[in-house]
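1. Sequence unavailable; structure follows:
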Ligand SMILES: Nc1ncnc2c1ncn2[C@@H]1O[C@H](COP(=O)(O)OP(=O)(O)OP(=O)(O)O)[C@@H](O)[C@H]1O
Ligand SMILES: [Mg+2]
């Protein structure tokens, strides 16, 4: 038999230290860009952020000042249209998967939803273009809303399903046992019990598509002026940031940073609010 | 060869809750010691203190000293990794490595310690599996079947073989048979009997008949205190503490 | 008990209100309507997927008919003379995604291992939250940061150094623009780290604690425990996370468009500008004047759709089989 009575070799000890060192290093390297991105956003964005930026239209090249008021409003309009389409369909699909969730069809829908989540947003853009813009012969906030709404559906459906599945079966049985019909049980008992999680899912999906640019490039298209008509080309914050960022003008670059700061603030507030409300961290409370 | 154990003033905590309270115990070499007591009294915690597994829980804390053979396992210079190599442990639920073959399961500890020579590994795997009374059942599928493909009883004997392969001086077993059927339990008990000739064994059990059958010494724990520790015979026939007697008669009916 | 019933008064003194129960026929009808309404919602997910394929396939018929498979191996992209070959874009997509994976995988696995196996509990929440935030940053903001911060950084510090140290490999040849394939890969890496890290974390957590204890009790160091008990059991799931990250990298549009340089050329050097499938659609789609040009762009979109669907399907199957099917027991 081999002789095992010897101390742990220094090679093993060193590899252990090297392992711990690299794991710490990896974490630092991963967190560094976040600090850098937020640092620059605040540094460069705050300077250009003022009331005019929030209240005024873009100025033509060469003139200082101006703002992204129309893009902020346009974004909200497109997101609103998207939510009207995406939220009910997503929640409905989620309820179906959770409450009638046996059989092949549901597995297929669930799988397709997950795969759909990974379809590039530019492809969603082309599809919305083909579906809405081509028949209508013009760009519009409406077509942008369709693109964003389609992107919200699978995310909302899957979170809704997960939240409903966490509702204990005894609650459903209690309601059904009282003779309450299925539709009432589902809407007024099951869905209500899970409402916090379902709302969270919808808000996260909203936050996710709020920053989407690619699906709007050839649907909402952008606009330098005010537009409140959903049937007209409409400005959106991410589009405006994009076109200003790739422009050759310093003044526009400054505005792009300011717009990015506004956009990220909206998203971070939404994500943090959700986290506080539900206080159910994903990475934190396992293990 | 087995070693003796000397536990002095051992206290253990999870967070603020004290789970072991001033435990003292002296065990001679090559003996089987049973640890009994009601659920939650600290039996598992106690054996996990004997090989420094307790500290792998982030909330865990401990004071006191434990000497295994010549080694003070909580002395500042002592390496927990080394301690655990020298002290084998078998858990309540069989936990073979599902991604490794039977052979690799048994060889895992040796490989960790730098043994890679074919012949050495082959010999150690065979002798460990023989000691665990599993060799005949698995010799033909050693490298073909995964550790998880065996039955529960076989998995537990595989885990015993895995622990024996690194030639521990002391073997700790935390309710090794509680998840098994009577036949597998019988096999494990028989095995413990034989292991006694080469190793010191500490076994946690809920089953008092089992303690009576396999153990030379028995310790009775209640709410983190070692109430009584003596020859098994004495504990089960004429316990000196009223609480031990209550517990034992309550169970023996 | 029998004796006591005699003394108990019946319910006579309680007035039971008269309730009109809704006709069960109406409620049955509502149930059927409800169920079918939900079914339509669920089917909309399948319909969307089908619609994507239908729209993209039908609107790329012109180039599919004209170029066939040559579309994917030709490397001239000349809208004026109507000659379309997508190879430079495919090359750019593959290379930028691959380099991004090479950079991102060790970092993502490292941070996931750190969070689940090493770090003090107080840090856990902060790190995970930060990683989640990284995932929430819109890609146009990554692009903005890429143009004005990352690219100058690469141009002045990293690229000259790479050219000097590794120029002989040919991978880091030519002038340092900052903007180019390397910048795209770095931005992509930053963007996919959170995806890979969060899936990896999920599968690491799913590895049963008793596996870790088994290895520790044999006398293993922390590293040996992670290697033998954790990574080994979780490898299929980690693979799933990596493939998911790859899918995201392949389809990522805005950030890449903003930093890759947008030049349809195949160059061995990572310092040179390139172009990707998603970027060319983003840049040229609204300018595509004739039907053939449009069809060529849509066909690139179709290829992108097919590839990402396959990649995501594989990843999902892998991750599903780990996190729900077997509770952490990976393949033997
Ligand atoms: N990981 C832990 N964190 C916090 N407290 C724990 C932990 N493990 C055990 N405890 C507590 O420590 C006490 C002793 O637990 P231990 O597992 O040692 O009991 P036991 O005697 O082995 O019980 P059983 O017979 O049920 O296995 C119990 O009160 C238990 O609640
Ligand atoms: Mg126990």
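-> Looks like it arrived, so ask away. Keep in mind the model is a prediction, meaning the values are calculated, not measured. Numbers count the residues shown, from 1 in each chain, chains lettered A, B, ... in the order given. Ligands and ions are numbered 1, 2, ... in the order given.

2. Low-confidence ranges, the chain, go.
-> Looking at chain A here, since you left the chain open. Along chain A, the parts satisfying pLDDT under 70 run over A:1-6, A:278-287.

3. nope, chain B please
-> For chain B, the stretches with pLDDT under 70 are B:1, B:251-253.

4. Show me where it has its helices.
-> B:43-50, B:80-86, B:102-112, B:118-131, B:135-138, B:152-165, B:182-195, B:208-214, B:232-237, B:242-252 (DSSP state H).

5. Which residue does the stretch 151-253 of chain B have closest to ligand 1?
-> Using C-beta to the nearest ligand atom, the single residue of the stretch 151-253 of chain B nearest to ligand 1 is residue B:206, 5.9 Å away. For glycine as for every other residue, the C-beta is placed from the backbone atoms N, C-alpha and C.

6. Next one: the spatially most central residue of chain A relative to residue A:121, how far apart?
-> With distances taken as C-alpha atoms, centre = their mean, chain A has residue A:208 as the residue nearest its mean C-alpha position (0.9 Å). Taking C-beta to C-beta, to the nearest Å as the measure, residue A:208 and residue A:121 are separated by 10 Å.

7. Tell me the residues of chain A that contact ligand 1?
-> Proximity of chain A to ligand 1 is assessed by C-beta under 6 Å from any ligand atom, with no residue identified as in range.

8. And the residue of the stretch 51-200 of chain B closest to ligand 1?
-> residue B:57 (5.1 Å).

9. For that residue, list the residues it contacts.
-> Applying C-beta atoms under 8 Å, 6 or more residues apart in numbering or on different chains, one finds that residue B:57 lies in contact with residue B:14.

10. And it, how far from residue C:159?
-> The spacing between residue B:57 and residue C:159, counted by C-beta to C-beta, is 48 Å.

11. With residue A:275 instead?
-> Distance, residue A:275 to residue C:159, using C-beta to C-beta: 39 Å.

12. And for residue C:315?
-> 33 Å.

13. thinking again about what came up before, could the helices of chain B be laid out in JSON lines, adding distance to residue C:200 and mean neighbour count?
-> Compiled in JSON lines, the helices of chain B are given as follows (distance: least, C-beta to C-beta, whole Å; neighbours: other C-beta atoms under 10 Å in any protein chain shown):
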{"stretch": "helix B:43-50", "distance to residue C:200": "29", "mean neighbour count": "24"}
{"stretch": "helix B:80-86", "distance to residue C:200": "26", "mean neighbour count": "21"}
{"stretch": "helix B:102-112", "distance to residue C:200": "23", "mean neighbour count": "24"}
{"stretch": "helix B:118-131", "distance to residue C:200": "32", "mean neighbour count": "17"}
{"stretch": "helix B:135-138", "distance to residue C:200": "34", "mean neighbour count": "16"}
{"stretch": "helix B:152-165", "distance to residue C:200": "27", "mean neighbour count": "26"}
{"stretch": "helix B:182-195", "distance to residue C:200": "37", "mean neighbour count": "17"}
{"stretch": "helix B:208-214", "distance to residue C:200": "42", "mean neighbour count": "19"}
{"stretch": "helix B:232-237", "distance to residue C:200": "49", "mean neighbour count": "17"}
{"stretch": "helix B:242-252", "distance to residue C:200": "47", "mean neighbour count": "14"}
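
14. For residue C:259, which of those helices is the nearest?
-> Proximity to residue C:259, assessed across the helices of chain B by C-beta to C-beta, is greatest for helix B:102-112 (45.7 Å).
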